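Engineer: here are the coordinates; sequence isn't available:
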């Protein structure tokens, strides 16, 4: 096959090409649309439902889904499930996003040191290796349990266990760049290390972190729900999706929707994130495009 | 000591060993359908050595690989073609028949021999696997024959090479091992796809002289694909020139090299002469055609110094001598003027 | 190869020390410090506080405290459960066996189904089957493991009543191995889903790459049957990838076991951790984390060595 067969019609900027590839990925676009709707629903929750998510109606206990007035049914305290799901999204999104943001900052700092400096870096990376040696979920739960339950604890312990993963992504990028010709050139030109890191390495490390964080955001939604399920997250009567599944467990035989509905909410949001992540990863890595 | 290969078969010119008739192969691609091979017919006689020449993208590799319907479909799309081997038609969906032919009738060696071996297994194990599946014989029973054949292929220490992984031997050694492997199944035909292109100069000479020796001593039919005129000139009896998926000229090697009739062949020979023997890449002026959007008419027209009004239609492959054919409107003009 | 194996094996010592440091620190981040963590309610009793302070050297420097704790742990003394008032070690080891059985069962599902699905979807790339399988694995990987567990319980135990959901008590119960297996089917499957999906996706993408390698075409040209091209040649080169990812999955399976054991009442370390969290029994939780992590480190070492052994290019590199 001649080269001209595969050459693009006209050279375009890499960013535009990536955007174009993302836009052509139907599932990624659908994921983005679902996510935007979910965020809007969380923000507009009080306008979308007349019910209070924490106060039950004693006359409407365990109403099954698709009943008039209660689209998704009610729980054993007569609380409207749709209202709890909508208000629960206000917990679920921050619970997934804040730890990732915090870990991204910490991971960038640690990863840049770890990947760029040979001596200090070695120490930092060895220390992070230890955290990889403990199953992530287990460590996070142990930390949260030791610190005491509640939303801030969950966010903190998630951030702690995600940080090494992000630091590794950054360190890999930084280590690859460390010996790149343009870094050598910058060094020869007499630039100081921090300036090289800031000007030359950071612009490469940040996209890597963004892709990594996005592809793993779906898992974070599920991860956060796990704390709620174990009773470590936002405390009752807060409408935490994970805690709702745990509450529904008691009446699984008689009212299976109590556990099913919040689970579906988690799957939808997490799936949307995963499709966006996939689309982003493929869009930014042309080699992957043929494989999906 | 040469391996017990069959003596040069008494060739019957009427019944070729392998015959490809009107083969058309295309591939889907993001920029449109790639017309890799268009209506190609090739026949290989028993004991004959056929050289196929063309630049990359001329369809020569695809044509060769299709001789045993080797390319998986998809991505390859076989639009037409009939292949007969030893008088029997090869049916594209008959895996059992094809496997037998691929294993023992038609041997194939590839451009990059090291990549044609699985990196995870030692060479000996890969040879044994093929022979066990082909001939149903145990490794121990085959060892003497394996060693003998490797030695015939100029492998100095066969036992040591059998114990090595593909990445531990040179490209030249790997190519000779792959030839030995093909020979061990006693094929009637050996297809060599650019067997020397990926090799250093010394290995090229070694592999080429091995192929020449096989031609002389074994009675094997040989199809040699190359973009290198020198290689083909050295050992081919008959030469086929391909351009943009079509055969543009075909004839005895002597005739083609002495009096090429197609402007593309003439260009190839001229640039070969200009660049001398040291330079191996012969170039014809102009860019190779885009197989996804070929111009109407003769595919060589955009690069042809002699293009004239008639070239907007595709010329047929026409006789240019007793056993010599070319696909060019100039031939008609020559006969008209005569 | 052997020297590499030795080096790699030796490298787990600092890792284990690091793991023990992290685990040690767990009690120190409990509000109120280790005394409260260890004594629970009894922390109001000055005599008990004095005793535990003396025994564990809690009035000494942190390195000394760590050293005392480590010596105890290495000797199998993980302290006394504040909830059950027995040495943690007597709680721990029977539960560890249960968790290992559950994890092994999940691993079997994840590996067998993951490989089969990965290979099949690669062979039928872009077919309806491929698309459907990829959608299902993505949904599976996007769902909380405890939720999948509950769905399975509802469907197979409550609705269809094919399999038991609860009631697993002991590996050496009256029903024997068959009884254990019957109880294992659902929880192990629930726990395997995410790993199954991950393995299937990695294997699929590696297979897609491997199937178009020249050596697979060459194997075809040499007359090898299709299954040999796919398994002996193509899949063989996916194996190192598959083993690496499987090794990593063991950690997730341990993590998942925590939830699955809660859903299915499986009497393992996960359930123990869950009950110790509820009871604020930090000593038990700490010991369980230490044990699970130590097992995880060893499993990863094994996976790494297996991968190296299977990739001749690595050995010589």
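Structural biologist: In hand now; what should we look at? As the structure is a prediction and not an experimental result, all values here were calculated from the model.
Engineer: where do the helices sit along the chain?
Structural biologist: Since you didn't name a chain, this refers to chain A. With DSSP state H, the ranges of helices along chain A come out as A:3-6, A:14-24, A:26-43, A:45-48, A:81-116, A:119-132, A:136-147, A:151-178, A:181-188, A:193-196, A:202-229, A:241-249, A:257-284.
Engineer: chain B, not that one
Structural biologist: So, for chain B - with DSSP H - the helices run B:60-65, B:95-100, B:123-135, B:139-152, B:158-162, B:171-184, B:201-218, B:229-235, B:253-258, B:263-275, B:329-337.
Engineer: and these as CSV, adding distance to chain C and mean neighbour count?
Structural biologist: C-beta coordinates here come from the backbone N, C-alpha and C atoms, glycine included. Listed next are those as CSV, based on distance: least, C-beta to the nearest C-beta, whole Å; neighbours: other C-beta atoms under 10 Å in any protein chain shown:
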stretch, distance to chain C, mean neighbour count
helix B:60-65, 8, 24
helix B:95-100, 5, 15
helix B:123-135, 5, 20
helix B:139-152, 14, 17
helix B:158-162, 15, 17
helix B:171-184, 7, 25
helix B:201-218, 16, 17
helix B:229-235, 21, 19
helix B:253-258, 26, 18
helix B:263-275, 27, 18
helix B:329-337, 37, 14
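Engineer: as JSON lines, those helices with mean pLDDT and distance to chain A would be great.
Structural biologist: Below are these laid out as JSON lines (pLDDT from 0 to 100; distance: least, C-beta to the nearest C-beta, whole Å):
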{"stretch": "helix B:60-65", "mean pLDDT": "90", "distance to chain A": "10"}
{"stretch": "helix B:95-100", "mean pLDDT": "87", "distance to chain A": "25"}
{"stretch": "helix B:123-135", "mean pLDDT": "88", "distance to chain A": "27"}
{"stretch": "helix B:139-152", "mean pLDDT": "86", "distance to chain A": "35"}
{"stretch": "helix B:158-162", "mean pLDDT": "89", "distance to chain A": "34"}
{"stretch": "helix B:171-184", "mean pLDDT": "90", "distance to chain A": "23"}
{"stretch": "helix B:201-218", "mean pLDDT": "86", "distance to chain A": "25"}
{"stretch": "helix B:229-235", "mean pLDDT": "84", "distance to chain A": "20"}
{"stretch": "helix B:253-258", "mean pLDDT": "89", "distance to chain A": "24"}
{"stretch": "helix B:263-275", "mean pLDDT": "80", "distance to chain A": "15"}
{"stretch": "helix B:329-337", "mean pLDDT": "78", "distance to chain A": "24"}
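Engineer: show the contacting residues for residue B:90.
Structural biologist: Listed by C-beta atoms under 8 Å, 6 or more residues apart in numbering or on different chains, the contact partners of residue B:90 are B:68, B:69, B:83, B:84, B:97, B:98, B:101.
Engineer: how about the fourth one, what does it touch?
Structural biologist: The one in question is residue B:84. Applying C-beta under 8 Å, 6+ apart, we find residue B:84 in contact with B:16, B:18, B:19, B:21, B:90.
Engineer: filter those to the buried ones?
Structural biologist: Those of the contacts of residue B:84 that meet the buried threshold are B:16, B:18, B:19, B:90, by 16 or more other C-beta atoms under 10 Å in any protein chain shown.
Engineer: JSON lines for these, including distance to residue B:150 and pLDDT?
Structural biologist: Formatted as JSON lines, the buried ones among the contacts of residue B:84 follow (distance: C-beta to C-beta, whole Å; pLDDT from 0 to 100):
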{"residue": "B:16", "distance to residue B:150": "31", "pLDDT": "87"}
{"residue": "B:18", "distance to residue B:150": "27", "pLDDT": "90"}
{"residue": "B:19", "distance to residue B:150": "32", "pLDDT": "91"}
{"residue": "B:90", "distance to residue B:150": "30", "pLDDT": "87"}
